[in-house]
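**Student:** Would you be able to build a 3D model of this:
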Amino acid sequence: MQTDDFSLRYFWLLLLLCFGTNILSAQTETPAPTLAFGGYLEPYYSYDFNNPKADGNRPGFFYSYNRHNEFNVNLGFVKANYAAQRVRANAAIAAGTYMNANYAAEPGVLKNILEMNAGLCLSKNRDLWVDAGIFASHIGFESAIGKDCRNLTRGINGVIIATGTPNGFGVLGLSLNFDYAVLPNAMWRIEGRFLNCRDDIFLKNNELVSTNAFVTTSLAVSF
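**Tutor:** This is a model prediction of the structure:
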């Protein structure tokens with residue numbers, strides 16, 4: 001009996017040690033809050049062979065690389081990311097010709113907010129979150145960030161609203177793309193396109209035409 005009592009006490013002591021170790025381990029593995037900073041810069045040059053508007057702007061549906069025959073910055077931003085056990089947040093402040101074109105209708109400082117959101121964890125397992133704010137948006141495979149797009153200058157067929165054109169921006173054409181990783185965090189891209197639309201949506205010498213040819217090159221740098 002004494003041997004059995006000793007074995008039982010040893011078993012319970014061992015179980016208690018294991019349970020206590022698991023509690024300490026779980027407490028130790030709780031992730032510490034982190035604050036990280038990053039950024040992105042995308043300078044470019046684009047030449048539109050139609051010679052569009054005298055002010056250098058390409059047709060209004062071109063939001064990216066929309067300046068003709070000049071060096072410029074399509075998109076540049078700095079981003080902060082905060083992550084804790086129950087709270088997370090993102091903020092990205094941006095500038096460039098993409099922001100000028102796509103956010104033209106936004107008031108004041110909202111013209112420069114690319115992303116600003118916060119989230120709260122609703123479950124102990126951290127698998128259910130609710131987030132609110134301004135989020136990075138996209139249409140299909142496309143993104144405001146050039147390096148995340150399959151084509152440098154995006155696809156006109158990605159526009160889902162026809163805005164009054166009889167054939168809804170239906171475009172045929174040829175596209176030649178070349179990507180080269182200059183550095184692990186830098187991508188040089190060049191693209192040439194010839195497009196033909198059933199509607200007159202392109203500008204040539206301030207007149208609407210159905211064809212367009214252009215070449216664009218950019219350097220996408222993330223940090």
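
**Student:** quick one: least confident helix or strand in the chain?
**Tutor:** Ranking every helix and strand in the chain by mean pLDDT, DSSP states H and E puts helix 2-28 at the bottom, with a mean of 49.

**Student:** for this protein, which spans come out with low pLDDT?
**Tutor:** For the chain, the stretches flagged by pLDDT under 70 are 1-30, 126, 137-142, 150-172.

**Student:** which residue ranges form the strands in it?
**Tutor:** 34-48, 70-83, 87-95, 113-121, 129-134, 171-183, 186-197, 202-204, 207-209, 211-222 (DSSP state E).

**Student:** What is the last one packed up against?
**Tutor:** Just to be clear, that refers to strand 211-222. Using 3 or more C-beta pairs under 8 Å, 6 or more residues apart in numbering; DSSP states H and E, the elements in contact with strand 211-222 are strand 34-48, strand 186-197, strand 202-204. Any C-beta I mention is one placed from the backbone N, CA and C, and that applies to glycine too.

**Student:** ok, 7 Å please
**Tutor:** Other elements packing on strand 211-222 under the criterion 3 or more C-beta pairs under 7 Å, 6 or more residues apart in numbering; DSSP states H and E are strand 34-48, strand 186-197.

**Student:** neighbouring strands for that strand, and are they parallel or not?
**Tutor:** Note on strand 211-222: by DSSP bridges, its sheet partners are strand 34-48 (antiparallel), strand 186-197 (antiparallel).

**Student:** Can you report how many residues neighbour the residue nearest to residue 76 when sequence neighbours are not counted?
**Tutor:** The shortest distance from residue 76 to any non-neighbouring residue, by C-beta to C-beta, 6 or more residues apart in numbering, is to residue 41 (4.6 Å). Applying other C-beta atoms under 10 Å, we find 17 residues neighbouring residue 41.

**Student:** beta partners of residue 41?
**Tutor:** Beta-bridge partners recorded for residue 41 (DSSP bridges): residue 76, residue 221.

**Student:** For it, give me its contacts.
**Tutor:** Residues in contact with residue 41 (C-beta atoms under 7 Å, 6 or more residues apart in numbering) are 73, 76, 221.

**Student:** how about a cut-off of 10 Å?
**Tutor:** Going by C-beta atoms under 10 Å, 6 or more residues apart in numbering, residue 41 touches 73-78, 96, 186, 219-223.

**Student:** Residue 218 too?
**Tutor:** Contacts of residue 218 by C-beta under 10 Å, 6+ apart are 42-46, 64-65, 72-75, 146-147, 152-153, 187-191.

**Student:** one more time with 7 Å, if that's ok
**Tutor:** 42-44, 74, 146, 152, 189.

**Student:** which one is it nearest to, not counting chain neighbours?
**Tutor:** In space, residue 218 is closest to residue 44, 3.7 Å off (C-beta to C-beta, 6+ apart).

**Student:** any idea how far stretch 32-43 is from the chain center?
**Tutor:** Chain-centre distance of stretch 32-43: 13 Å, with C-alpha atoms, centre = their mean, to the nearest Å.

**Student:** Quick check: closest non-adjacent residue to residue 83.
**Tutor:** residue 34 (5.1 Å).

**Student:** Tell me how many other residues surround the one you found.
**Tutor:** 10.

**Student:** does residue 69 really touch residue 45, like I thought?
**Tutor:** No: Residue 69 is beyond contact range of residue 45, at 8.2 Å (criterion: C-beta atoms under 7 Å).

**Student:** who has more neighbours, these two?
**Tutor:** residue 45 (16 against 11).
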